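*Asks:* next one to model:
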Amino acid sequence: MSIKSFNLVAKGPKWGVRHLQVLFLFLCATLIVAQWFNMSVAIVAFTNANSSNPNYPEYRLTEPQKSYTISSPFWGSCCTQMMSGYLSSRFGAKLLLLTIMFLTALLSIATPFALAWGGWQMLFWVRFVQGIAMGGMWPCLYTHLAKWCPKKEANRMGGVMTTGLDCGTIMGFALSGVLSVSPLGWPSTFYVPGYLGIVWCLIFLRYGAQQSIRIEIHFSGGTKAN
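*Replies:* I've put the predicted structure just below:
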């Protein structure tokens, strides 16, 4: 008597839970990348009030200080990518993605206050810690996608998710410019993606799923499974 087991994967509906998970990943990538690049626009606005909305505070930064501030998230992100890959594969990506997005959003909202209270030094460290959080996103995205994406849909779903990187770049540059000259001023370039990140966390907490359910069927005896 022999026992054979295999995973039965049925054809899913045209719109299922897996598509919702990919939508979450797309939005996560968009918001994280937007917060990665928005400083490049905001730093022009808050160091030269005449270039945006003069009703908001202006801060003087030297060129080296600007360079350190803009590059600080990239330095921070180097610390967490390998660790995040292990943690997401070991414990699942949902909790890790929630933590990453929440910390990133919270620090984004705190950015204008950090600049007002501690100058460019405090701004540098807030962005550095934000980079530590944001760097953990990349492995989590692919771990979560792998648990939900059937092989036949891998290219399409992966393409949708990675499109969020491009949309986030557009949001980080174009939308930040629009917000800087609006009545909301340059602080809104940090508030808007920050609060959107909090909203994403609340929805993902409710509807995000750790992994798909696989059905295992056991055949015994001489039955042959085709």
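*Asks:* mind listing the helices for the protein?
*Replies:* Along the chain, the segments classed as helices by DSSP state H run 17-47, 63-77, 81-91, 93-135, 137-148, 154-170, 176-181, 188-207.
*Asks:* for the ones you listed, which has the smallest mean pLDDT value?
*Replies:* Ranked on mean pLDDT, the bottom entry among those is helix 81-91, at a mean of 80.
*Asks:* between it and helix 93-135, what angle do the directions make?
*Replies:* Taking axes from the mean of the first three to the mean of the last three CA atoms, to 10 degrees, one finds that helix 81-91 is oriented at 180 degrees with respect to helix 93-135.
*Asks:* and helix 81-91, what's buried?
*Replies:* Judged by neighbour count using 16 or more other CB atoms under 10 Å, the buried positions of helix 81-91 are 84-85, 87-88. All C-beta spots, glycine's among them, are computed from the backbone N, C-alpha and C.
*Asks:* quickly note the distance from the closest residue to residue 167 other than its chain neighbours to residue 123.
*Replies:* If the residues on either side of it in the chain are set aside, residue 167 comes closest to residue 30, at 4.6 Å by CB to CB, 6 or more residues apart in numbering. Relative to residue 123, residue 30 is positioned 24 Å away (CB to CB, to the nearest Å).
*Asks:* what do you get for residue 88?
*Replies:* Where residue 123 is concerned, residue 88 sits at a distance of 29 Å (CB to CB).
*Asks:* before we move on, what about residue 114?
*Replies:* To residue 123, residue 114 is 5 Å away according to CB to CB.
*Asks:* looking at those two, which is more packed in?
*Replies:* Using other CB atoms under 10 Å, the more surrounded residue of residue 114 and residue 123 is residue 123, with 26 against 19.
*Asks:* tell me the contacts of the residue lying closest to the more buried one once chain neighbours are set aside?
*Replies:* Closest residue to residue 123 apart from its sequence neighbours, by CB to CB, 6+ apart: residue 115 at 4.6 Å. If a contact means CB atoms under 8 Å, 6 or more residues apart in numbering, then residue 115 has 46, 59, 122-123 as its contacts.
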